[in-house]
Each structure stands twice: as C-alpha cells, then as structure tokens.
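Q: Pasting the sequence and the predicted coordinates here, then a few questions.
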Amino acid sequence: FAVVSVLSAAIPGAQVGLTASAVQSVAHAAGGSEGAQRQALQAGLALLILAVAGHLLDVWGQYLDSLLRLELTTKIGEQVMVKGTRLDLQQYEDAEAYDKLQRAFQESNGGRIYQLFSEMLSVSRELVTVASVSVVLFAWSPWVALFILLSPIPSVIAHMIYTHKAFDVEYARAADRRRMYYYQYLTTTDHSFKEVRLFQLGPYFVERYRKLVLEFFRIDRQLARRQSGIVGSLGLLSVLASSGALLWAIGSAADDGQVGRLAGYLQAMGTIQASAHGMLLGIATLYKDTLFLGNLFAFLDLPERRITGGTRPFPAKLRKGIEFQNVSFVYPGTDRVVLDGLDFVIPAGKCVALVGQNGAGKTSIVKLLTRLYEPTGGRILIDDVPIEEYDLDDLQRHIGVIFQDFIRYEMPVRSNIGFGRVEAMDDDERVRAAAMAGGVDTIVSELPDKYDTMLGRHFEEGRQLSGGQWQKVALSRAFMRKAPVVVLDEPTSAIDAEAEAEIFGRLRDIAGEATSLIIAHRFSTVRIADKILVMDQGRVIEEGTHDDLLRADGVYAYLFNLQAAGYLGEPASQ
Ligand SMILES: Nc1ncnc2c1ncn2[C@@H]1O[C@H](COP(=O)(O)OP(=O)(O)OP(=O)(O)O)[C@@H](O)[C@H]1O
C-alpha cells in the first residue's frame, strides 16, 4: 500500500516538468522553431501516459486502503474486548478508572487508528509530491521554491494550537459525556421505559441532557471563534507568501519570455499549495489522533488481573469447608469498613444462609470468596488452605455463583443455561438436567424452539420471560456448573413460593455434593439452611440453625416473627 501510494505521489512532479516543456515547445512552434511541434506532442503524450498510470495507481491504492481499514477495525475491536475481560472488578467499579475505560471505548472501533495509518501515508504521499515538484522548482528558482514551500506553515501551526485545545476540552468532558449517554440510555431503552414513562421522567432527563449539550456547545463555540481568529490571521501570512511568489514569477516571465516556466510555476503552485497544505494539515490531524489514541493505549496498558492466584488446583469436592478468619474489607478508594473482623465457617457439604439488612456486607463476602476483591485483613481458607494459593481460574471455575444482578443474556435458552459451563453447552442432557434443577424445564417445553428459542426482546423472534422465569434460568446456569461450591445471592427473590420450595428441595439433593452459601431476605428460603449467619454492619452477630436462632430469641427471631406476622396479618410480638 505504501509503495503504491508513494509511486502515485511522485507523478505530479513529472507533470509540472512536462507541462512546462509542452507549453514552451508550443511557444517555440508558434515562433516557427523546427522540431518544436514534435517535442510538444511528445510531452503531451507523456502527460497522457502519466495521467492513466496515476489513475490506475489511485484505484489500486483505494482498494488496499479499504483492506487496511477492515483489518485494523477488526483487530482493535477485538483487542479492546479481550482487554476488558482481563481487568479487575475494581476497575469497573471505580469512577476514575471507569472514565478511562469509557474514553478508550470511544476509540475501540478502530476508526481512529485506521485514520492514523492512512493519515501517515497521506502525509508521506504529499511529502513525495512536494519533493518531486520542488526538485523542478528549485532548478528554476530556489527563492520562489522556498516561498511556495513555506507558505502553508503559519496556517497549519494555527490548526495545531487549536487541536490541542480541543483535545483538552474533550478530555475533561469524559464524566459529562458519560452522564449524557446515560440520560440518552434512560430515555431510549426497553429496560428503563416503564419507569421513565410512568414516573413521567422523560422531560427531566431531556432537560438534563440539553443543559449538558448547551454547555458543550457554548465552550465549542468559544473555541471555534478563537480558531477562526488564529487561523484567519496566520492564514493571511500564507496567502501573502504564495501571492508574492506568484508576482515574482510573472515579473520574471515578462522579463525573459519563458512562458513555459510560468505555466510550470502556476501548476506547481496549485499542486504544492494543495499538497503542502494537505501534508501539514495531515500532521496536525496525526497529532490530534495520537492525542486521542493515547486514551486507547492508556486503556490497553492498564494493569491486568492484579489479583493473582497460586498453582494449587481447586478440590473437586471440599473435605473440610470454607473458613473466614478475622476478615476485614474496605473497598479500594473508600474508607468505610464494610466487613469488620468476620469469623465463620461453611462446613463441607452443608448449606449456609446469610441474612442481614441491606448494606450489611453480604454480597461483599461473595466478592471476596470468588476473589473479585482481596480482603484488607484476615484470611479465607478453603479446606485449610489460604484461598490465594489456589489457581485463580480453577477456583472461579469451581464456584457456581449467581449474583443478585445476574445477566439476562439476549440469546437462546441453551446459551443462557449453557454459559454455566460453556464447554458443555452442546451437551443436551446436561443442559436439560440443569434446567430441571432450576425449575425452568416446563417453561422451556412450551417455547416454540425449546432450548433454541431466543430470549429477550432485542433480537428477532425473542421471547420475553417474566422476572421470576429469568431468575430460574439464571439458577439453572448455576446448576449447569456442577461446582463443588455454589453461591446464590438472593436466588429466589422473584420466584413464587411453590417453585422456590421445589428448587430448594433440589438444592438439598445436591447438598453433600456441594457446599453452598445462600444470601436471602425471605425466611422461607433461609430456614432450610443447615446454618444461618445473621450479619449486621459487617459482623456476624448470631449463628445457628433456624430452630436454635428462634430459641435464642434475638435479632433473627424478631425478624422472622416480623415477616411471619406480615404473612398472617398480625402485629409482630417483641
Ligand atoms: N463497589 C463498591 N465500592 C464501594 N462501596 C461499595 C461497593 N459495593 C458495595 N459497597 C458498600 O459496601 C457495603 C456493603 O454492600 P453489600 O453489597 O455487600 O451489602 P449487602 O449486605 O449485600 O446488601 P443488600 O442486602 O442490599 O444486597 C454497602 O455500604 C455498600 O454501600
């Protein structure tokens, strides 16, 4: 591509020389000079051949250019996705790091990197054109050549100053841009439509969006005004320089009668002005692209998986269980103690339930157990071995976890369940067994394409499920994993009581095989557990079976009675 581009760029130099020679020969022929006519025709023929060659090289260059664009956009998009999967959860949950991600994602379609390459090539092409024409010009008059060559520089400097300012402005905007996209998202997606419509929030979000846009507009207008001033005044210098050179060329042609040379100057001036201007503007654009691409590279350079594991394989079945010893945790960048000297054991093959108020720290425990974060103090042991000694991927592969905010994959049922063990997604038996354990098999049997039915509404022929049905699908995904440790964060909050009882029956069936931790607010869910931990402000304040805790008549008994009274319509006794 580079060779083709450079070859085609050398053509204008030859054209200037040939044009001058053709015009001069015509002038001589008109003066009756012998052989001049033949020379003029030869120069004309050479010009024709050059034009055809130039055209063919251009077409070829454009084809290669498309290939380059395709290849770059594919590769960069993929690299950004891969990088996204290699970061830590912390980088997604921290506003500053998230801004960095967003800035990089804006460049992730590879458009800018393609632009950078093609800009680099076009600058080199223009350089070759300018050089080839300059050779001819310098031979005629070094001063005129110098003037013509340097004339575009002032206006390009102006562009570069502006580009830097524009980048600084855009850089500082990341958070506001994110806010803008968020308002757009809230007013244009199915997830938010119901609330936005019924709470009549549309005008409010549009107004917030408009305020941000207007502020952007105000700053951009200021910038554009300043740019016009700078570009205008420096550009005037460029115009004066090139016009001066032209004046000089006209004067000297009037003196010595070299009309061919004047024609050559005129053509050269047009070519050089376009090329030198194109080249210097290209440099300004390159400068801008490298500034913006800095965002992409800053993202690609982000440290990957700072949480690392050891080499020990995770046990296929726990012997002893999971133990939290004096575990404390503070989210990075914050100072609130979320877990405060936590001590508890989940015996192997048993089911332990965690209850506690919102914000007590239950989900944070799951994040530590799955090593999405590291404790600030204390240690977590699995079968008496510190958790960090296990191979990280192996550990995560052996935990079947479903978070409260599980994903509703807009994909077929088979994928939604099969993602629990992606290698076994085509194993019909396993997918069906998982669906049965999650209580979703009867729903699937009524779907038009059974396990191949598309779920959700984003793609054609997708079937939308109810909230509880989606939750059952997510549970099936956890069962699909057949992991020795199962962690379910509010797994049945949207599931009806009958289905919940069935699912927990199955969870009990796998007890003995798996060690499970269930977080729940519903006491009907909690009571089936072998042991219940009651949490408050990052600590375990009560521990025991359902009956033990009722007998102890503490916080658990109070909360249980409160919920039971709610069901029975009686006031809670305390
Ligand atoms: N990524 C985070 N960064 C900083 N603080 C966080 C983060 N996630 C949660 N927290 C804080 O940690 C505390 C515990 O949150 P956690 O999600 O563990 O509570 P929870 O017991 O699971 O609550 P819920 O019952 O509402 O699900 C809360 O005060 C919350 O504000």
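A: Yes, it's here.
Q: Could you use CA atoms for every contact and neighbour count after this?
A: Noted.
Q: And the nearest residue to residue 360 once chain neighbours are set aside, how far from residue 553?
A: Nearest residue to residue 360, sequence neighbours excluded (Cα to Cα, 6 or more residues apart in numbering): residue 537, at 4.7 Å. Look at residue 537 and residue 553: by Cα to Cα, to the nearest Å, they are 20 Å apart.
Q: okay but the residue nearest to residue 360 is in contact with residue 364, surely?
A: No: using Cα atoms under 8 Å, residue 537 is not in contact with residue 364; the gap is 11.7 Å.
Q: which residues are in contact with both of those two?
A: Common contacts of residue 537 and residue 364 (Cα atoms under 8 Å, 6 or more residues apart in numbering): 338-339.
Q: Who has more neighbours out of those two?
A: Each of residue 537 and residue 364 has its neighbours counted (other Cα atoms under 10 Å); residue 364 has more, 20 against 17.
Q: ok, and the helix or strand in this protein with the lowest average confidence?
A: helix 497-510 (a mean of 69; mean pLDDT, DSSP states H and E).
Q: Can you name the element that comes right after that helix?
A: strand 515-519 (DSSP states H and E).
Q: pLDDT on stretch 114-127, on average?
A: Averaged across stretch 114-127, the pLDDT comes to 82.
Q: Next up, the contacts around residue 462.
A: 410, 453-456.
Q: Report the separation between it and residue 475.
A: 20 Å.
Q: What of residue 350?
A: Taking Cα to Cα, one finds residue 350 at 18 Å from residue 475.
Q: Which one of those two is surrounded by more residues?
A: Legend: neighbour count by other Cα under 10 Å for residue 350 and residue 475, higher for residue 475 (28 against 21).
Q: That one contacts residue 441, doesn't it?
A: No: contact criterion Cα under 8 Å: residue 475 and residue 441 do not qualify, at 12.0 Å.
Q: Send me stretch 69-82 as CSV with only the CA atoms.
A: C-alpha atoms of stretch 69-82 as CSV (Å, rounded to 0.1, in the frame of the first residue of the first chain):
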residue,chain,number,x,y,z
ARG,A,69,-9.4,-0.2,7.3
LEU,A,70,-11.1,-3.6,7.6
GLU,A,71,-8.2,-5.3,9.2
LEU,A,72,-7.5,-2.5,11.7
THR,A,73,-11.1,-2.1,12.8
THR,A,74,-11.5,-5.8,13.3
LYS,A,75,-8.3,-6.2,15.3
ILE,A,76,-8.7,-3.2,17.5
GLY,A,77,-12.3,-4.0,18.4
GLU,A,78,-11.2,-7.5,19.4
GLN,A,79,-8.2,-6.3,21.4
VAL,A,80,-10.4,-3.9,23.4
MET,A,81,-12.9,-6.7,24.2
VAL,A,82,-10.1,-9.1,25.3
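Q: now it, how far from the centre of its chain.
A: 11 Å (Cα atoms, centre = their mean, to the nearest Å).
Q: what comes up buried for it?
A: Using 16 or more other Cα atoms under 10 Å as the test for burial, stretch 69-82 gives 69, 72-73, 76-77, 80.
Q: which among those gets closest to the ligand?
A: residue 80 (22.7 Å; Cα to the nearest ligand atom).
Q: So the closest one lies in a strand, does it not?
A: No: under DSSP: H, G, I helix; E, B strand; the rest coil, residue 80 sits outside any strand and is assigned helix.
Q: if I look at it, how far off is residue 106?
A: Going from residue 80 to residue 106 by Cα to Cα gives 11 Å.
Q: Residue 450 now?
A: Taking Cα to Cα, one finds residue 450 at 38 Å from residue 106.
Q: give me every residue that touches residue 235.
A: Counted by Cα under 8 Å, 6+ apart, residue 235 has contacts 152, 154-155.
Q: Mind putting the residues you listed into TSV with neighbour count?
A: Converted to TSV, the contacts of residue 235 look like this (neighbours: other Cα atoms under 10 Å):
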residue	neighbour count
152	28
154	19
155	22
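Q: Let's see which of those end up in helices.
A: 154-155 (DSSP state H).
Q: Which residue, other than its chain neighbours, is closest to residue 407?
A: Closest to residue 407 by Cα to Cα, 6+ apart is residue 474, at 7.7 Å.
Q: Which helix or which strand is home to the one you found?
A: helix 467-480.
Q: can you tell me if the helix or strand hosting residue 400 touches the ligand.
A: Here residue 400 sits within strand 399-402, counting by DSSP H and E. No: judged by Cα under 6 Å from any ligand atom, strand 399-402 stays clear of the ligand, getting no closer than 12.8 Å.
Q: What pairs with that strand, parallel or antiparallel?
A: Here strand 399-402 is paired, per DSSP bridges, with strand 485-489 (parallel).
Q: average pLDDT across the strand it pairs with?
A: Mean predicted lDDT for strand 485-489 stands at 89.
Q: near the ligand at all, that strand?
A: No: for strand 485-489, no contact with the ligand is found by Cα under 6 Å from any ligand atom; the gap never falls below 8.0 Å.
Q: okay, the angle between that strand and helix 467-480?
A: Strand 485-489 and helix 467-480 are oriented at 160 degrees to each other (axes from the mean of the first three to the mean of the last three Cα atoms, to 10 degrees).
Q: Report the backbone C-alpha coordinates of strand 485-489 in CSV.
A: Output of strand 485-489 as CSV, limited to C-alpha atoms (Å, rounded to 0.1, in the frame of the first residue of the first chain):
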residue,chain,number,x,y,z
VAL,A,485,-19.2,-24.6,45.8
VAL,A,486,-22.5,-23.0,45.0
VAL,A,487,-23.1,-19.3,45.9
LEU,A,488,-26.5,-17.8,45.3
ASP,A,489,-27.1,-14.2,46.1
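Q: And it, how far out from the chain middle?
A: Worked out by Cα atoms, centre = their mean, strand 485-489 lies 29 Å from the chain centre.
Q: Please apply the same query to stretch 482-489.
A: Averaging C-alpha positions (Cα atoms, centre = their mean) puts stretch 482-489 30 Å from its chain's average.
Q: what residues go with each domain of the protein?
A: The domain map for the chain lists 2-300, 317-398+486-569, 409-482, with the assignment taken from automatic domain parsing.
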